[in-house]
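Enquirer: Need the 3D shape of this:
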Amino acid sequence: MQRAIFAAVITLTSLLFQAPASASIDGCPDTWSIDLSKFPDNPDLIQAKQKLGPNMVVTPVNRVILKYFGELGDMPSLSGLENVAGLSRLSYFYLYGKSEVETTQKVEVKDCPNPGVFKFKHKFSTDSFSEVQQTTAREWSKSNEIFFVDFKQQQEFETKLDGLNLASQSRVDIRRNNPNASGSSVLLPEVFPLGYSPTGIVKFPGPILTVQSLTPGCIAPSKRSSAYPEFVFGRKCQFAWSVLRRVDVNSPTSQDVALVMFEPFVIDGSSNSATIQCVKGKLTKKVTAIKPKCPAGYKKK
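Expert: Here you go, the predicted model:
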């Protein structure tokens, strides 16, 4: 299911960025003049590749975020965001989707002494939205019966999401109340599994049901998995369920894509840690933990 959703996102991206080529791609690539406003599916490079085939190689060189920006405006910088791609990018749309990115690609052509180096400036979400809509789960389900597996799922949609939120809070509570797990990471789909495998509620193919983070600093790119972000503990975090849909469902090549946001909810990931003082003769130690205990030989003061 996860692979299928990822394939749908890739298909959506390719459909949104089909455009006629209008480039000067004669000679060697260091002399080419191409439209740098088109990314990632640059029509000029596509045309050149069709012409040159295996005699042309495109290599990504660098990707830098020039400005962190989203639906709420300026955002704090987020280490690792520039490497987020594919399905994982869905989780960052609301807070960081309008961030300005510069991607550098190197083009090499056989028998040409010098490569062409092209810098594309684009939004972080290159398959971004023409609009962001605010509604409720109840109202959306009432007006989108066609997307549900059956009428029961439609009628119980709001209640089911509320239940999922309570289950997600329980998962977070288990993790933060376990002192032995304080150093481990928790991936976002481990907190909100339905957001990455919406089996049994909405149809597939159809709207992609996922969770948007509304609080900066509550999710971050994970070193454990390149496919998903991780939940960051330490504060109360606001999230919202959302769907990604086309504005004009009758036009498969339309570039008008809407992010539909449901009502926000809070997941409490703040620390329940406490500090105690432990003594051993004239020695004193402070121990801070969720369930603090004095070391061997020490007694609680």
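
Enquirer: C-alpha only now, for contacts and for neighbours.
Expert: Will do.

Enquirer: Doesn't Lys285 lie inside a strand?
Expert: Yes: applying DSSP: H, G, I helix; E, B strand; the rest coil, one finds Lys285 inside a strand.

Enquirer: thought it was touching Gln277?
Expert: Yes: Lys285 is within contact range of Gln277, at 5.7 Å (criterion: CA atoms under 8 Å).

Enquirer: those strands in the stretch 51-200 of the chain, which residues are they?
Expert: 56-67, 69-70, 73-74, 100-109, 116-123, 131-134, 186-187 (DSSP state E, counting those that start in this stretch).

Enquirer: Kindly reformat those as CSV containing mean neighbour count and mean pLDDT.
Expert: Formatted as CSV, these follow (neighbours: other CA atoms under 10 Å; pLDDT from 0 to 100):
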stretch, mean neighbour count, mean pLDDT
strand 56-67, 15, 96
strand 69-70, 20, 93
strand 73-74, 12, 96
strand 100-109, 18, 96
strand 116-123, 19, 94
strand 131-134, 13, 87
strand 186-187, 20, 89
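
Enquirer: In TSV: those, plus distance to Gly206.
Expert: Below are the strands of the stretch 51-200 of the chain laid out as TSV (distance: least, CA to CA, whole Å):
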stretch	distance to Gly206
strand 56-67	31
strand 69-70	25
strand 73-74	29
strand 100-109	29
strand 116-123	25
strand 131-134	18
strand 186-187	24
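
Enquirer: Can you say which of these is nearest to Asp30?
Expert: Asp30 lies closest, by CA to CA, to one member of these: strand 116-123, at 4.0 Å.

Enquirer: which strands and helices sit next to the closest one?
Expert: Contact analysis of strand 116-123 by 3 or more CA pairs under 8 Å, 6 or more residues apart in numbering; DSSP states H and E lists strand 100-109 as its packing neighbours.

Enquirer: how big is the angle separating the strand it packs on from strand 116-123?
Expert: Here strand 100-109 points in a direction 160 degrees away from that of strand 116-123 (axes from the mean of the first three to the mean of the last three CA atoms, to 10 degrees).

Enquirer: For strand 100-109, which strands pair with it and how are they oriented?
Expert: strand 56-67 (antiparallel), strand 116-123 (antiparallel) (DSSP bridges).

Enquirer: Format these as a markdown table; extra columns: distance to Cys28.
Expert: Listed next are the strands paired with strand 100-109 as a markdown table, based on distance: least, CA to CA, whole Å:
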| stretch | distance to Cys28 |
| --- | --- |
| strand 56-67 | 10 |
| strand 116-123 | 8 |
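
Enquirer: tell me the domain ranges of this structure?
Expert: 18-123, 131-268, 272-301 (automatic domain parsing).

Enquirer: what about the longest one, start to end distance?
Expert: It stands for domain 131-268. 29 Å (CA to CA, to the nearest Å).

Enquirer: What ranges in the stretch 51-200 of the chain fall below the confidence cut-off?
Expert: Residue ranges of the stretch 51-200 of the chain with pLDDT under 70: 126-129, 178-184, 195-199.

Enquirer: okay, and the common contacts of Lys285 and Gln277?
Expert: Counting by CA atoms under 8 Å, 6 or more residues apart in numbering, Lys285 and Gln277 have no common neighbour.

Enquirer: Lys98 reaches Lys121, doesn't it?
Expert: No: here Lys98 lies out of contact with Lys121, judged by CA under 8 Å, at a distance of 11.9 Å.

Enquirer: what sits in contact with each of those two?
Expert: In contact with both Lys98 and Lys121: no residue, using CA under 8 Å, 6+ apart.

Enquirer: quick one: Gln47 is in a strand?
Expert: No: under three-state DSSP, Gln47 sits outside any strand and is assigned helix.

Enquirer: okay, it: pLDDT?
Expert: pLDDT recorded at Gln47 is 94.

Enquirer: The strands paired with strand 100-109: which one's closest to Gly281?
Expert: strand 56-67 (54.9 Å).

Enquirer: can you give me how far the closest one is from the chain middle?
Expert: Offset of strand 56-67 from its chain centre (CA atoms, centre = their mean, to the nearest Å): 19 Å.

Enquirer: Need the contact partners of it.
Expert: Contacts of strand 56-67 (CA under 8 Å, 6+ apart): 49, 74, 82-83, 99-110, 124.

Enquirer: Let's see that with 6 Å instead.
Expert: Residues outside strand 56-67 that contact it (CA atoms under 6 Å, 6 or more residues apart in numbering): Ser99, Glu100, Val101, Glu102, Thr103, Thr104, Gln105, Lys106, Val107, Glu108, Val109.
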